[in-house]
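>>> Attaching a predicted model along with its sequence, questions to come.
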Amino acid sequence: MTYVEAIFKVLVVGLILGAGLPALFAGGLVAYSSGTGGTHDDGTVSASNPALKALGVLLFAVVAAVVVIAILYITKATIIHHFGFNPVPFIPGK
């Protein structure tokens with residue numbers, strides 16, 4: 001692997017995790033808040049939208065799963081050493 005390929009891989013992962021996850025979280029916030037309904041300035045009430053609320057919760061769950069899997073991957077060697085099992089067997093090792 002050349003240095004350019006390694007730099008490109010780091011750049012791509014950095015963009016996905018550094019900009020993609022916050023964008024998913026922000027999308028979840030927008031979807032969840034849009035799905036709650038509310039009161040308008042003129043006093044009318046809009047009904048809640050359960051589909052948007054479910055989409056928001058799903059996006060939050062995806063972000064949380066990525067964070068937990070990343071922490072398990074980072075601490076994989078310590079967990080294997082102390083407990084004897086691989087917490088992320090679906091991610092190939094070196």
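All right, it came through fine.

>>> quick one: Asn86 and Ala77 touch, right?
No: Asn86 is beyond contact range of Ala77, at 9.8 Å (criterion: CB atoms under 8 Å). C-beta: built from backbone N, CA, C; applies to glycine.

>>> mind checking which helix or strand of this protein has the lowest mean pLDDT?
Lowest by mean pLDDT, DSSP states H and E among the helices and strands of the chain is strand 38-39, with a mean of 79.

>>> Ala77 should be in a helix, yeah?
Yes: applying DSSP: H, G, I helix; E, B strand; the rest coil, one finds Ala77 inside a helix.

>>> how many other residues sit next to it?
10 (other CB atoms under 10 Å).

>>> Geometric centre of this protein: which residue is closest?
Central residue of the chain (CA atoms, centre = their mean): Val63, 1.7 Å from the mean position.

>>> about what we covered before: what's the following helix or strand past the least confident helix or strand of the chain in contact with?
Where DSSP states H and E defines the elements, the next helix or strand beyond strand 38-39 is strand 45-46. Contacts to strand 45-46, defined as CB atoms under 8 Å, 6 or more residues apart in numbering, come from residues 37-40.

>>> other SSEs contacting the following helix or strand past strand 45-46?
Next along the chain after strand 45-46, taking DSSP H and E as the criterion, comes helix 50-74. Here helix 50-74 touches helix 21-35, going by 3 or more CB pairs under 8 Å, 6 or more residues apart in numbering; DSSP states H and E.

>>> Dump stretch 20-32 to PDB, keeping only the CA atoms.
The C-alpha trace of stretch 20-32 is given here as PDB (Å, rounded to 0.1, in the frame of the first residue of the first chain):
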ATOM      1  CA  GLY A  20     -21.500  11.600   8.400                       C
ATOM      2  CA  LEU A  21     -22.400  10.600  12.000                       C
ATOM      3  CA  PRO A  22     -23.100  14.200  13.100                       C
ATOM      4  CA  ALA A  23     -25.200  14.700   9.900                       C
ATOM      5  CA  LEU A  24     -27.200  11.500  10.700                       C
ATOM      6  CA  PHE A  25     -27.700  12.700  14.300                       C
ATOM      7  CA  ALA A  26     -28.900  16.100  13.100                       C
ATOM      8  CA  GLY A  27     -31.200  14.400  10.600                       C
ATOM      9  CA  GLY A  28     -32.600  12.400  13.500                       C
ATOM     10  CA  LEU A  29     -33.200  15.500  15.500                       C
ATOM     11  CA  VAL A  30     -35.000  17.200  12.600                       C
ATOM     12  CA  ALA A  31     -37.100  14.100  11.900                       C
ATOM     13  CA  TYR A  32     -38.000  13.600  15.600                       C
END
